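> Pasted the sequence and its predicted model underneath.
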Amino acid sequence: MKKSGLIIVSVFTLCMALGASHSWAACIQKDLSGIWYVYFNGINPDAPSWGRGAISIDATGKIKPGAKIFTFILLSNQKTQAVNFIVTGGNFKSNSNCIVTGKINVKMDNIPLSFKVIHSAMDRGKTIIHGIWQGSNNTETGLVTIIRK
């Protein structure tokens with residue numbers, strides 16, 4: 001092999017090795033602080049549903065109460081019903097591998113409920129969390145995407 005070819009192969013190999021060893025920055029709890037838009041869809045025993053809303057999370061992972069989450073439920077008779085949930089609190093946790101878990105506590109007509117975020121992860125830019133949610137009674141489940149404002 002000519003000397004110039006060997007240099008090109010060596011540079012290429014070095015670039016590949018450096019690129020392959022690059023890892024994501026570790027997540028810390030503080031990465032969750034801010035305003036996040038929540039989008040979810042799922043299924044419960046009665047009908048499929050989807051919803052959206054916003055939550056505010058502080059540096060410790062605590063969710064500030066007061067926000068509304070709007071849920072639209074497709075009923076079995078093909079009519080859509082809107083339900084408003086008021087956020088009453090909750091919390092989110094992130095580990096160094098950017099695995100996120102948590103719970104959004106809500107009230108609907110003074111009935112306390114919660115949406116648990118399980119099996120979810122935050123992206124490299126720390127702007128999107130995607131995973132699975134589960135309802136209070138464990139009969140509702142679906143996908144959740146949470147996007148930083």
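Okay, I see it. Residues are numbered from 1 along each chain as shown.
> where does the chain dip in pLDDT?
Low-confidence regions of the chain, defined by pLDDT under 70, span residues 1-24, 72-78.
> swap the cut-off to 90 and go again
Residues of the chain that meet the criterion pLDDT under 90 lie in 1-25, 42-52, 66-85, 108-111, 113, 119, 135-141.
> now the strands for it?
Here the chain has its strands, by DSSP state E, at 34-43, 48-57, 68-74, 80-94, 99-108, 111-122, 128-135, 141-148.
> Which of those sits closest to A25?
strand 111-122 (10.8 Å; CB to CB). Glycine gets a C-beta too; all of them are placed from N, C-alpha and C.
> what comes up buried for that closest one?
114-117, 120, 122 (16 or more other CB atoms under 10 Å).
> Please apply the same query to stretch 45-58.
In stretch 45-58, counting by 16+ other CB under 10 Å, buried: 49-51, 53-57.
> so can I have JSON lines of those showing distance to S96?
Below are these laid out as JSON lines (distance: CB to CB, whole Å):
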{"residue": "S49", "distance to S96": "34"}
{"residue": "W50", "distance to S96": "32"}
{"residue": "G51", "distance to S96": "30"}
{"residue": "G53", "distance to S96": "28"}
{"residue": "A54", "distance to S96": "27"}
{"residue": "I55", "distance to S96": "23"}
{"residue": "S56", "distance to S96": "24"}
{"residue": "I57", "distance to S96": "18"}
